[in-house]
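Visitor: Predicted model, plus sequence, below.
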Amino acid sequence: MAQIAIVDYLVIDDGAPHLRAWESVDSGALYFDRRNADANGGGTEFKPRKLEATGTVRSFTIVERGVPGVPVPYTSALIDLDGGGCVKANVVNTPATPNDISLGMRVQLTTWVAGTDDDGNEAVCFGYEPIA
Amino acid sequence: MSEDVWILGTHMTKFGRHGDADLIDLASQAALGALSDGGVTIHDMEVLGCGSLFNSMAGVGQQLQKQIGQTGIPVYNVANACATGATALRTVLLTIKSGEADMGIAVGVEQMGKGGLLGAGGKGDRGRTEYKPSGRYGSVMQVEGLVGTGLMPGVFAQAGMEYAYENDGVGFEQFAKVAEKNHAHSVLNPLAHYQKEFTLEEIMSAQMMSYPNTLLMCCPNTDGAASAVLVSESKLRTLSLEQQRRAVKISASVLTTDPWTERAQVQPDVNTLTRNAAVKAYEMAGIGPKDLDLVELHDCFATAELIHYDNLMLCEPGGAGEWIDKRGPWRDGETPVNVSGGLISKGHPIGATGIANIYEVATHLRGEAGDRQIEDAKVGLAHVIGLGSACGVHILERSGL
């Protein structure tokens, strides 16, 4: 039994949970996915970059009709991270209503267990919660 | 410099649910209508561009030929997201511009039924018994709804809210006013899927899909087809005066994709490629946005239409909220937008939409739009955008004859 990140750009086994992007050595462009090359500058060399855990809500939507199996409503947001990078994730630990989420809101990374497989392994998900 | 290309004939089916017709029935109806409208036959066509996104592997163009005419001409089956129809038309246009053909036909068709929400993607195996990273993001389960949303109402809601973050005077009410306008416009369009006017209050209190987009601010899944016959200028001049009088000039045809931006790695950037396409199209046509008599733009969601006012430079920079507040895009406003009812009311059969927008503009330029006619329309713009992304912008001008 172990914990495993829901996506590989969430790092949970190296200190506090954080996101890790692939940074193009040539252009500084950041990516979360496995790369063949840099879509910005064309280079093929990348290095891992630890991203900050805090940021600002740049945009959001409150999803009230989603896919089967995922409870609604939930808030999906685009978050500009302090120090660079942008991520899409849910805003959690606050009600999913327009009165409780605002553009420009300050948020911080948080994690939780999203499920357990038949071998007892836990999938760790990430999102952002308001900074009190 | 290659010669100009004109629209000789165009047609669209009624958009809606066509359970009694199949994909090829709809494509045939549109194609035969466009040929008849142009006063030509399939035997005059030298190229066929056929767009159908959901059936991109089915050889729809060849299936269509087997119903309306197997003349042996080249067929290009096209799939390019929601810009599929516009891309099919542009394929024919480029073939004519290259000198390989004098005349060709573009057809866009889609049969969507009640397809549900688009864009879920990802793994469909929630509840799997073994968490094992896979794919480019190394995900161990479906992430839709857990790590943000990729559903279309949400993606375009976030695009609209990003505009609200960057500009004053934009909120739920401004987005809802877009739908209020388009539903009001649709009442005059007998080809629209829905022709029903709603009050602003009804729109804002309708079932919420993805804030701020309510159900009445989202385009429906729709069946339908549209077609256009294109002709070179030199060939057009050999045709009858009536055909020349009704022909519509394609002053600009532009297709763009999204250049790299950092935020577009996590959320499609529908702005930059639209703005790039608009700039190039205005330059190509030698006009500016103030010269437009009408615009048909890609209002898949109300939030999308509002930001495209700015992307197409129909309003002052950052002023889309103020523009809808002062009714700038209404049919009696500064620049009428989506007088067809837009995708929100007319419907969005993906492969057909790009040509249907061109059909609408061309019909006004010919003075043949009936009750919804924009009086004395001379120049119009048709815009579509497909996520991934692809953007098509066409500027049309009426004949001087």
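Guide: Cool, the structure landed.

Visitor: Would you check that residue B:187 makes contact with residue B:198?
Guide: No - the pair residue B:187 / residue B:198 is not scored as a contact, 10.5 Å apart, by C-beta atoms under 8 Å. For the C-beta atoms, the positions are set from N, CA and C on the backbone; glycine is no exception.

Visitor: part of a strand, is residue B:92?
Guide: No - assessed with DSSP: H, G, I helix; E, B strand; the rest coil, residue B:92 is helix; it does not lie in a strand.

Visitor: dump the residue contacts of it.
Guide: B:47-49, B:76, B:101, B:104-106, B:230 (C-beta atoms under 8 Å, 6 or more residues apart in numbering or on different chains).

Visitor: and what of residue B:278?
Guide: B:289, B:311-313, B:383, B:393.

Visitor: Out of these, which end up buried?
Guide: Buried residues within the contacts of residue B:278, counting neighbours by 16 or more other C-beta atoms under 10 Å in any protein chain shown: B:311-313, B:383, B:393.

Visitor: where does chain B dip in pLDDT?
Guide: Along chain B, segments meeting pLDDT under 70 span B:1, B:114-128.

Visitor: show me where it has strands.
Guide: B:5-12, B:48-51, B:75-78, B:103-110, B:208-211, B:213-214, B:224-232, B:248-256, B:294-296, B:379-386, B:390-398 (DSSP state E).

Visitor: before we move on, back to that, out of the contacts of residue B:92, which two sit at the greatest distance?
Guide: B:76 and B:230 (13.1 Å; C-beta to C-beta).

Visitor: These two: which is more packed in?
Guide: residue B:230 (32 against 18; other C-beta atoms under 10 Å in any protein chain shown).

Visitor: Quick check: the more buried one touching residue B:10?
Guide: No - Residue B:230 is not in contact with residue B:10 according to C-beta under 8 Å; the separation is 9.5 Å.

Visitor: how many other residues sit next to residue 34?
Guide: As the question left the chain open, I've gone with chain A. 13.

Visitor: wrong chain, I was asking about chain B
Guide: 27.

Visitor: got it, and residue A:100?
Guide: Based on other C-beta under 10 Å, the number of other residues close to residue A:100 is 13.

Visitor: Pull the contacting residues for it.
Guide: Counting by C-beta under 8 Å, 6+ apart, residue A:100 makes contact with residue A:94.

Visitor: What of the one 5 residues further on?
Guide: Listed by C-beta under 8 Å, 6+ apart, the contact partners of residue A:105 are A:56-57, A:91, A:130.

Visitor: Out of those, which comes closest to chain B?
Guide: If you rank the contacts of residue A:105 by distance to chain B using C-beta to the nearest C-beta, residue A:57 comes first, at 8.3 Å.

Visitor: Confirm that the closest one sits in a strand.
Guide: Yes - assessed with three-state DSSP, residue A:57 lies in a strand.

Visitor: now the closest residue to it other than its chain neighbours: how far from residue A:84?
Guide: Once flanking residues are discounted, residue A:57 sits nearest to residue A:105: 4.3 Å by C-beta to C-beta, 6 or more residues apart in numbering or on different chains. Distance, residue A:105 to residue A:84, using C-beta to C-beta, to the nearest Å: 19 Å.

Visitor: What of residue A:11?
Guide: 17 Å.

Visitor: So which residues of the stretch 201-350 of chain B form helices?
Guide: Along the stretch 201-350 of chain B, counting by DSSP state H, counting those that start in this stretch, helices occupy B:233-236, B:241-246, B:272-285, B:302-311, B:320-325, B:342-346, B:350-365.

Visitor: number of nearby residues for residue B:283?
Guide: 12.

Visitor: repeat for residue B:368
Guide: 11.

Visitor: Now it. Its backbone dihedrals?
Guide: When read as degrees, to the nearest 10, the backbone of residue B:368 gives phi -120, psi 30.

Visitor: out of the helices of the stretch 201-350 of chain B, which comes closest to residue B:221?
Guide: helix B:350-365 (8.9 Å).

Visitor: which SSE is the one residue in chain A that gets nearest to chain B in?
Guide: In chain A, the residue that lies nearest chain B is residue A:8 (2.8 Å; C-beta to the nearest C-beta). Under DSSP states H and E, no helix or strand contains residue A:8.

Visitor: so what's it up against?
Guide: B:133, B:137-139.

Visitor: Next, give me the two most distant ones among the residues you listed.
Guide: Top of the distance list for the contacts of residue A:8 (C-beta to C-beta): B:133 and B:137, 8.5 Å.

Visitor: Who has more neighbours out of the two?
Guide: Neighbour count, other C-beta under 10 Å: between residue B:133 and residue B:137, residue B:137 has more, with 18 against 13.

Visitor: That one contacts residue A:35, doesn't it?
Guide: No - checked against C-beta under 8 Å, the pair residue B:137 and residue A:35 is beyond contact range at 11.5 Å.

Visitor: Stretch B:166-185: how far from the chain's middle?
Guide: On the basis of C-alpha atoms, centre = their mean, to the nearest Å, stretch B:166-185 sits 19 Å off its chain's mean C-alpha point.

Visitor: my bad, should have said stretch B:300-307
Guide: In terms of C-alpha atoms, centre = their mean, the centre of stretch B:300-307 is found 13 Å from the chain centre.

Visitor: Between the two ends of stretch A:74-87, what distance do you get?
Guide: End-to-end distance of stretch A:74-87 (C-alpha to C-alpha, to the nearest Å): 16 Å.

Visitor: Pull out the buried positions in it.
Guide: Neighbour counts over stretch A:74-87 (16+ other C-beta under 10 Å) mark A:74-81, A:85-87 as buried.

Visitor: Could you dump those into a markdown table with distance to chain B, secondary structure and pLDDT added?
Guide: Formatted as a markdown table, those follow (distance: C-beta to the nearest C-beta, whole Å; DSSP: H, G, I helix; E, B strand; the rest coil; pLDDT from 0 to 100):
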| residue | distance to chain B | secondary structure | pLDDT |
| --- | --- | --- | --- |
| A:74 | 6 | strand | 98 |
| A:75 | 9 | strand | 98 |
| A:76 | 4 | strand | 98 |
| A:77 | 7 | strand | 98 |
| A:78 | 5 | strand | 98 |
| A:79 | 9 | strand | 98 |
| A:80 | 8 | strand | 98 |
| A:81 | 11 | strand | 98 |
| A:85 | 8 | coil | 97 |
| A:86 | 5 | strand | 97 |
| A:87 | 6 | strand | 98 |
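
Visitor: so which of those comes closest to residue B:27?
Guide: For those, the residue nearest residue B:27 by C-beta to C-beta is residue A:76; the value is 36.8 Å.

Visitor: Contact partners for the closest one?
Guide: Contacts for residue A:76 (C-beta under 8 Å, 6+ apart) come out as A:60-61, A:63, A:88-91, B:145, B:148-149, B:154, B:158.

Visitor: Mind checking which of the residues you listed land in helices?
Guide: Among those, the ones falling in helices (DSSP state H) are B:154, B:158.

Visitor: Any quick ChimeraX command for the buried ones out of the contacts of residue A:76?
Guide: To isolate the buried members of the contacts of residue A:76 in ChimeraX, using 16+ other C-beta under 10 Å:
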select /A:60,61,63,88,89,90,91 /B:145,148,149,154,158
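
Visitor: from the contacts of residue A:76, which single one is nearest residue A:19?
Guide: Distances from residue A:19 to those, taken by C-beta to C-beta, are shortest for residue A:89, at 9.1 Å.

Visitor: Mind pulling up the pLDDT for that closest one?
Guide: Residue A:89 is assigned a predicted lDDT (pLDDT) of 98.

Visitor: ok, which of the contacts of residue A:8 also contact chain A?
Guide: Among the contacts of residue A:8, the residues within reach of chain A (C-beta under 8 Å from any C-beta of the partner chain) are B:133, B:137-139.

Visitor: residues touching residue B:14, list them.
Guide: Applying C-beta under 8 Å, 6+ apart to residue B:14 gives the contacts B:190-191, B:224.

Visitor: List just the nearest of those residues to chain A.
Guide: Of all the contacts of residue B:14, chain A sits closest to residue B:224, with 23.9 Å by C-beta to the nearest C-beta.
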